[in-house]
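# Predicted model and sequence below, questions to follow.
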Amino acid sequence: MEKTLSIIKPDGVSRKIIGEVIKRLEENSINIIAMKMIHMTKFQAEGFYAVHRERPFFDSLISFMISGPVLVMVLEGEDVIGRYRKLMGATDYKNADEGTIRKDFATDIEKNVVHGSDSGESANFEIGHFFSALEIVA
Ligand code: ATP
Ligand code: MG
């Protein structure tokens, strides 16, 4: 069983797409083993996206991620990192496959509704960034 970190980004929360995303997780037998609403500080967001520090879109991405509350979740399932990334679709919704979350709901390459860890190593880092062991259902 693998774990991954999911975030419903500020655009997804404000546009009331939380239910749609969770429905797709449940339909795909992905288990939610932790979840909470948080409004990230700049410090938390910069730490989370530290790998993108040098990218031209970094400042804009941080402003977006702290613009409102987000729903952070730990997901568990077989091959869940890859399977959830598939459900999300490509970063740029214009290139995303039909039926993916980003294809159906994203409005912009930045405002793309959801985040998902891209490897086991990033999943471990990202889960630890937001959750203590006590908050995760065993
Ligand atoms: P995420 O890490 O959020 O799951 P991702 O792995 O598909 O998305 P990354 O390359 O890690 O994509 O980029 C992180 C986030 O930065 C993207 O989801 C998007 O919100 C934003 N982003 C990525 N590329 C661009 C870009 N060219 N212009 C503006 N924003 C971008
Ligand atoms: Mg990424």
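Yep, it's here. Ligands and ions are numbered 1, 2, ... in the order given.
# need the helices for the chain, in chain order.
For the chain, the helices defined by DSSP state H occupy 10-14, 18-27, 42-48, 58-65, 80-88, 101-105, 120-130.
# Now render the ones you listed as CSV, adding mean neighbour count.
For every residue, glycine as well, the C-beta is placed using N, CA and C. Putting the helices of the chain into CSV (neighbours: other CB atoms under 10 Å) gives the following:
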stretch, mean neighbour count
helix 10-14, 19
helix 18-27, 14
helix 42-48, 15
helix 58-65, 16
helix 80-88, 20
helix 101-105, 20
helix 120-130, 16
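# what residues does this structure put near ligand 1?
The chain has residues 52, 57, 61, 91, 109, 110, 112, 115, 116, 118 near ligand 1, with proximity defined as CB under 6 Å from any ligand atom.
# got a list of what the nearest residue to residue 65 once chain neighbours are set aside touches?
In space, and not counting its chain neighbours, residue 65 is closest to residue 45: 4.5 Å by CB to CB, 6 or more residues apart in numbering. By CB atoms under 8 Å, 6 or more residues apart in numbering, the contact set of residue 45 is 62, 65, 66.
# which stretches of this structure aren't confidently modelled?
For the chain, no stretch is flagged by pLDDT under 70.
# hang on, the earlier thing: which among the residues of the chain next to ligand 1 count as buried?
By neighbour count, with 16 or more other CB atoms under 10 Å, those hold 61, 110, 112, 115, 116 as buried.
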